[in-house]
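J.: Below are the sequence and a predicted model for it; my questions follow.
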Amino acid sequence: MGVFAHIHEHLVENQKRRPRGDDDEKNAGNENNRTIATRFGSLRTVGGKLGIEQLDELFWRWLRGWDFFHGFPAPMFGASNTEKAYLAPFLAFFAVLGLGAVVEHFGDGQAYWVWSETRYWVCPLQTVLCAGVLIRYWRFYGMKAPAKPFLTVGIGVLALVLWIAPQEWLHLARRWEGFNPGFFGETGWPYWLNLGTRFLRLVVVVPLLEEIFWRGFLLRYLIDEDFVRVPMGAFSWLSCTVVVVGFCFEHSMPDWPAAILTGALYNLVAYRTRSLSSCVLAHAVTNALLGAYVLHTRQWGFW
């Protein structure tokens, strides 16, 4: 039995012992990490906190299924309500994206757009579902007015320049293929519904769920698994690197050069402002300007 299997067995046994409230879950999570570190050795980060053990536990929590609302019977990752709040919107987004990919794979070549052009129902479904999850857990995020707004907006604009530079100044191929709001026609309510949901997803939903996960949760979780105790903007080389690389791989391959630099810039916003809402604002500025650029150039592949 390998290391992952041992860890998984230990977590499952601990989960079955008894029902837990948030405080009990937190204490049990700390006990799990101590047991894991004792059995398998501890690879420590620059800050002296557990690294590989935390990733192992998070990996198995993801594999053990999830619920997006507290009413579901199976516990989400064995996590506390706070962890659910930071993880659920991100996972809901990619669950719908994965569903669309599966449907399109099997519906390839079909005439009906529901099977062959899934992006036109995936986008509104993601927007509505993820917005609902964000509203459900909003009280956990502690959003306040953004700090250092001029720095934040400036970094958002700089990130936009990185995204459009390959086409505008390096003369790479234009990206015409993507979500065209005029798919059902260039006028009428279908056009405005497509355009409205796409912009709502681009400028509001995506910046919120991505920054809540990457900078609000993972950047701190990789310093201390009880991440709510870690101040926003706390630095370690492990957490900084994992978040930048993860943010990069989340995007499609043509976007990787811009995405890895943008991830580093948004991390910089977190470190300089120590504000989650500032990270959201920087991301929203980038996406809003990118949306305007897409409408102007009709390069639908950018969004």
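T.: On my side now, so go ahead.
J.: Phi first, then psi, for V230.
T.: Phi and psi for V230, reported as degrees, to the nearest 10, are phi -90, psi 120.
J.: next one: the one 5 residues further on
T.: Comment: the main-chain dihedrals of F235 come out as phi -110, psi 140, following degrees, to the nearest 10.
J.: Flag every buried residue along the helix or strand containing T152.
T.: If you go by DSSP states H and E, T152 is part of helix 149-168. By 16 or more other CB atoms under 10 Å, the buried positions in helix 149-168 come out as L151, T152, V153, I155, G156, A159, L160, L162, W163, I164, P166, Q167. Any C-beta I mention is one placed from the backbone N, CA and C, and that applies to glycine too.
J.: could the residues you listed be laid out in JSON lines, adding distance to V206 and pLDDT?
T.: Compiled in JSON lines, the buried residues of helix 149-168 are given as follows (distance: CB to CB, whole Å; pLDDT from 0 to 100):
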{"residue": "L151", "distance to V206": "21", "pLDDT": "98"}
{"residue": "T152", "distance to V206": "17", "pLDDT": "98"}
{"residue": "V153", "distance to V206": "18", "pLDDT": "98"}
{"residue": "I155", "distance to V206": "17", "pLDDT": "98"}
{"residue": "G156", "distance to V206": "13", "pLDDT": "98"}
{"residue": "A159", "distance to V206": "13", "pLDDT": "98"}
{"residue": "L160", "distance to V206": "14", "pLDDT": "98"}
{"residue": "L162", "distance to V206": "17", "pLDDT": "96"}
{"residue": "W163", "distance to V206": "14", "pLDDT": "96"}
{"residue": "I164", "distance to V206": "18", "pLDDT": "96"}
{"residue": "P166", "distance to V206": "21", "pLDDT": "93"}
{"residue": "Q167", "distance to V206": "21", "pLDDT": "92"}
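J.: Can you tell me the element the closest residue to E117 other than its chain neighbours falls in?
T.: Nearest residue to E117, sequence neighbours excluded (CB to CB, 6 or more residues apart in numbering): F183, at 7.0 Å. Counting by DSSP H and E, no helix or strand carries F183.
J.: Show me the helices in the protein, by range?
T.: Ranges of helices in the chain, per DSSP state H, are 3-17, 22-40, 52-63, 81-106, 113-116, 119-136, 149-168, 189-200, 206-211, 219-221, 237-249, 256-273, 276-297.
J.: for these, which one sits closest to W176?
T.: helix 276-297 (9.3 Å; CB to CB).
J.: winner for burial among the helices of the chain?
T.: helix 219-221 (a mean of 26; mean count of other CB atoms under 10 Å).
J.: Identify the residue nearest A165 in space, chain neighbours excluded?
T.: Leaving aside its chain neighbours, A165 sits nearest to A258 (7.5 Å; criterion: CB to CB, 6+ apart).
J.: thought F90 was touching E210?
T.: Yes. Counting by CB atoms under 8 Å, F90 does reach E210; the two are 7.0 Å apart.
J.: picking up where we left off before, any idea how many residues pack against the residue nearest to E117?
T.: 15 (other CB atoms under 10 Å).
J.: show me the contacts for it.
T.: If you count contacts by CB atoms under 8 Å, 6 or more residues apart in numbering, F183 has them with W113, E117, Y120, N194.
J.: give me that answer again for 10 Å
T.: W113, E117, R119, Y120, P190, Y191, N194, W300 (CB atoms under 10 Å, 6 or more residues apart in numbering).
J.: In a markdown table, list the helices of the chain along with distance to W176.
T.: A markdown table is the format used below for the helices of the chain (distance: least, CB to CB, whole Å):
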| stretch | distance to W176 |
| --- | --- |
| helix 3-17 | 43 |
| helix 22-40 | 48 |
| helix 52-63 | 35 |
| helix 81-106 | 19 |
| helix 113-116 | 18 |
| helix 119-136 | 14 |
| helix 149-168 | 11 |
| helix 189-200 | 16 |
| helix 206-211 | 22 |
| helix 219-221 | 35 |
| helix 237-249 | 24 |
| helix 256-273 | 18 |
| helix 276-297 | 9 |
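J.: wait, which of the ones you listed is closest to R175?
T.: The closest of the helices of the chain to R175 is helix 149-168. By CB to CB, the value is 7.0 Å.
J.: Fine by me, thanks again.
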